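In: Below is the structure, and that's it, no one-letter string:
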């Protein structure tokens with residue numbers, strides 16, 4: 001049977017102006033999964049990541065390419081950022097070329113997207129691998145679950161699609177990529193480090209109330225679904241990249257399975273460096289931690305969220321501050337880099353409580369922190385509490401603010417937290433730990449890092465000087481070390 005479409009474009013539409021951003025390190029794995037599912041149902045697939053396609057990041061150049069080469073456009077919209085620009089791009093795509101959009105933000109804003117973008121033909125809601133195959137196979141739209149589309153000018157929303165088992169999905173075809181994902185400084189590759197990501201499971205067995213991903217924008221809870229261990233390690237072994245991020249919500253949700261993954265990596269002598277997200281519960285499993293170190297796990301991204309017990313209870317984290325301290329007393333014994341995730345702007349939280357995040361992070365010994373403002377999505381369990389709390393407001397984009405702490409005030413507090421934690425001494429500690437403790441860099445790469453270290457240090461010091469913090473930061477460092 002002849003395919004209906006000859007050349008389909010699968011597009012990650014986000015443009016990153018900062019070449020040093022960590023946003024450049026990892027591929028758009030969600031778009032890649034859907035593009036891989038489409039194989040065999042179109043004659044040719046082109047996958048473009050506009051973060052790297054410098055020429056095609058110019059809308060006019062991209063539209064010329066689409067007009068000349070493409071007869072189907074599929075776009076992944078996963079974030080709020082650049083939403084207006086993406087809509088403008090979509091509306092400039094020629095009317096005769098079908099446009100399909102999907103992704104987390106497309107699912108959340110389906111009504112808005114269809115209203116703003118008359119050129120959109122179909123919005124795929126939720127996970128899109130099975131849906132795209134049915135669309136490309138020519139199945140009548142009214143019989144396809146999980147899509148929204150227009151019929152005679154009116155929007156039709158079909159029923160939600162049940163989540164598929166993760167083992168039924170094909171791993172992304174990396175041959176579709178046009179570029180490698182590498183660490184660089186001002187466009188200069190650092191140590192030849194290349195990056196990739198692997199999804200070993202979808203969903204999360206926990207029920208943290210703040211989480212924007214435990215429930216999708218349709219209000220569906222994604223039950224935990226894990227791939228078999230062999231398929232995961234087979235994929236890891238096949239990758240060229242030196243650094244692999246396990247993009248699971250929590251790779252260690254099943255500690256026995258995580259240990260089996262480590263066992264196979266060790267048995268096959270796979271020499272790669274791994275990053276993964278985790279909960280502090282992992283401190284309960286010293287045998288697993290030892291195997292992780294041996295397997296090549298270099299960094300863990302751990303959701304701590306708050307140093308305050310009442311906020312941890314509000315967020316339903318399932319632990320308290322004392323538990324966090326005990327956990328990190330164990331974790332610090334292992335040569336692993338720890339990044340702590342924190343949330344500020346919680347309901348009822350004061351500025352003093354927010355600012356304590358930086359001090360608490362230093363006390364427990366995390367190496368770096370990432371602070372995010374609390375968001376209240378459509379189906380968030382915290383929405384009712386926020387709406388009932390006097391003085392609190394939720395924007396259409398899910399941003400929470402209050403009469404006491406406006407958006408501007410929260411942004412200022414976030415800067416204070418960041419600057420309190422990140423000093424020139426902190427940046428040097430981060431560099432030294434990754435070289436001498438976790439051994440994230442090999443010996444050959446260390447030489448490359450040291451060659452670029454002066455550039456990095458000058459860049460950091462110049463930024464600190466510009467912010468007027470250098471003198472005070474150095475003073476604190478010298479006093480502390482005196």
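Out: Yes, it's here. Because the structure is predicted, anything quoted here is derived from the model rather than measured. Numbers count the residues shown, from 1 in each chain.

In: show me where the stretch 101-250 of the chain has strands.
Out: Taking DSSP state E, counting those that start in this stretch to define them, one finds strands in the stretch 101-250 of the chain at 122-124, 147-151, 154-157, 182-185, 188-198, 201-202, 225-226, 243-246.

In: ok, residues contacting the helix or strand following the last one?
Out: Read that as strand 243-246. Under the assignment DSSP states H and E, the closest C-terminal helix or strand after strand 243-246 is helix 255-267. Contacts to helix 255-267, defined as C-beta atoms under 8 Å, 6 or more residues apart in numbering, come from residues 200, 226, 229-230, 232-233, 236, 251-252, 272, 282, 285, 287-288, 291-292, 294-297. From N, CA and C alone the C-beta is placed, and that goes for glycine too.

In: With mean pLDDT and distance to residue 174 as extra columns, can I get the strands of the stretch 101-250 of the chain in a markdown table?
Out: Below are those laid out as a markdown table (pLDDT from 0 to 100; distance: least, C-beta to C-beta, whole Å):
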| stretch | mean pLDDT | distance to residue 174 |
| --- | --- | --- |
| strand 122-124 | 97 | 23 |
| strand 147-151 | 94 | 28 |
| strand 154-157 | 94 | 34 |
| strand 182-185 | 78 | 14 |
| strand 188-198 | 83 | 7 |
| strand 201-202 | 92 | 19 |
| strand 225-226 | 91 | 22 |
| strand 243-246 | 96 | 12 |
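
In: Dump those strands to JSON lines, plus distance to residue 84 and mean neighbour count.
Out: Output for the strands of the stretch 101-250 of the chain, formatted as JSON lines (distance: least, C-beta to C-beta, whole Å; neighbours: other C-beta atoms under 10 Å):
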{"stretch": "strand 122-124", "distance to residue 84": "17", "mean neighbour count": "25"}
{"stretch": "strand 147-151", "distance to residue 84": "20", "mean neighbour count": "18"}
{"stretch": "strand 154-157", "distance to residue 84": "21", "mean neighbour count": "12"}
{"stretch": "strand 182-185", "distance to residue 84": "29", "mean neighbour count": "17"}
{"stretch": "strand 188-198", "distance to residue 84": "28", "mean neighbour count": "18"}
{"stretch": "strand 201-202", "distance to residue 84": "30", "mean neighbour count": "22"}
{"stretch": "strand 225-226", "distance to residue 84": "35", "mean neighbour count": "17"}
{"stretch": "strand 243-246", "distance to residue 84": "29", "mean neighbour count": "23"}
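
In: okay if I get those strands as TSV plus distance to residue 385?
Out: Listed next are those as TSV, based on distance: least, C-beta to C-beta, whole Å:
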stretch	distance to residue 385
strand 122-124	30
strand 147-151	30
strand 154-157	29
strand 182-185	41
strand 188-198	34
strand 201-202	28
strand 225-226	30
strand 243-246	32
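
In: Quick check: which of those is nearest to residue 103?
Out: With C-beta to C-beta, the closest approach to residue 103 among those belongs to strand 122-124: 8.2 Å.

In: for the stretch 51-200 of the chain, which spans come out with low pLDDT?
Out: The model of the stretch 51-200 of the chain has pLDDT under 70 over residues 185-189, 191.

In: where do the helices sit along it?
Out: Taking DSSP state H, counting those that start in this stretch as the criterion, the stretch 51-200 of the chain carries its helices at 59-69, 83-91, 104-108, 110-116, 129-136.

In: got it, and the stretch 301-450 of the chain?
Out: Taking DSSP H, counting those that start in this stretch as the criterion, the stretch 301-450 of the chain carries its helices at 309-314, 321-331, 351-364, 383-388, 407-421, 424-432, 443-466.

In: Now the weakest link among these, please, by mean pLDDT.
Out: Taking the mean pLDDT of each of the helices of the stretch 301-450 of the chain, the lowest value is held by helix 443-466, a mean of 62.

In: residues contacting residue 358?
Out: Contact criterion C-beta under 8 Å, 6+ apart gives 369, 417, 418, 420, 421 as the residues in contact with residue 358.

In: Drop anything exposed from the residues you listed.
Out: The neighbour count (16 or more other C-beta atoms under 10 Å) marks 369, 417, 421 as buried among the contacts of residue 358.

In: need those in a markdown table with distance to residue 351, can you?
Out: Supplementary listing: the buried ones among the contacts of residue 358 in a markdown table, determined by distance: C-beta to C-beta, whole Å:
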| residue | distance to residue 351 |
| --- | --- |
| 369 | 17 |
| 417 | 10 |
| 421 | 16 |
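
In: tell me which of those is nearest to residue 148?
Out: Relative to residue 148, the closest of these is residue 369; by C-beta to C-beta it sits at 38.7 Å.

In: just checking, the closest one touches residue 421?
Out: Yes - at 5.6 Å, residue 369 counts as touching residue 421 under the criterion of C-beta atoms under 8 Å.

In: so how far is residue 177 from residue 200?
Out: Going from residue 200 to residue 177 by C-beta to C-beta, to the nearest Å gives 20 Å.

In: Those two: who's more crowded?
Out: Legend: neighbour count by other C-beta atoms under 10 Å for residue 200 and residue 177, higher for residue 200 (22 against 17).

In: is it true that that one touches residue 245?
Out: No - taking contacts as C-beta under 8 Å, residue 200 lies outside contact range of residue 245: 11.0 Å.

In: what's across from the residue lying closest to residue 303 once chain neighbours are set aside in the sheet?
Out: Counting by C-beta to C-beta, 6 or more residues apart in numbering, the nearest residue to residue 303 once its immediate chain neighbours are dropped is residue 341, at 4.7 Å. Listed by DSSP bridges, the beta-bridge partners for residue 341 are residue 303, residue 370.

In: tell me the contacts of residue 341?
Out: With contact taken as C-beta under 8 Å, 6+ apart, residue 341 is in contact with 301, 302, 303, 304, 305, 369, 370, 371, 372.

In: how many neighbours does the last one have?
Out: What it means is residue 372. Residue 372 sits with 14 neighbouring residues when counted by other C-beta under 10 Å.

In: I'd guessed it sits against residue 346; true?
Out: No - counting by C-beta under 8 Å, residue 372 sits too far from residue 346 to count as a contact (11.1 Å).

In: Off-centre distance for stretch 266-276?
Out: Relative to the mean C-alpha coordinate of its chain, stretch 266-276 is positioned 21 Å out (C-alpha atoms, centre = their mean, to the nearest Å).

In: Give me the buried stretch members for that stretch, please.
Out: In terms of neighbour count (16+ other C-beta under 10 Å), stretch 266-276 has its buried residues at 270, 272, 273, 274, 275, 276.

In: Same check on stretch 332-340?
Out: By neighbour count, and taking 16+ other C-beta under 10 Å as the criterion, the buried residues in stretch 332-340 are 334, 336, 337, 338, 339, 340.

In: mind putting the buried residues of stretch 266-276 in CSV, pLDDT and secondary structure included?
Out: What follows is these, written out as CSV (pLDDT from 0 to 100; DSSP: H, G, I helix; E, B strand; the rest coil):
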residue, pLDDT, secondary structure
270, 98, coil
272, 97, coil
273, 97, strand
274, 98, strand
275, 97, strand
276, 97, strand
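
In: Tell me the one of the residues you listed nearest residue 205?
Out: Distance to residue 205 across the buried residues of stretch 266-276 (C-beta to C-beta) is lowest for residue 276, with 15.9 Å.

In: Check the contact between the closest one and residue 243; I expect there is one.
Out: No - with contact taken as C-beta under 8 Å, residue 276 and residue 243 are classed as non-touching, separated by 11.6 Å.

In: ok, now which ones touch the closest residue to residue 383 other than its chain neighbours?
Out: In space, not counting the residues next to it along the chain, residue 383 is nearest to residue 376; the distance is 5.2 Å by C-beta to C-beta, 6+ apart. Residue 376 is in contact with 382, 383, 386, 394, 398, 399, 400, counting by C-beta under 8 Å, 6+ apart.
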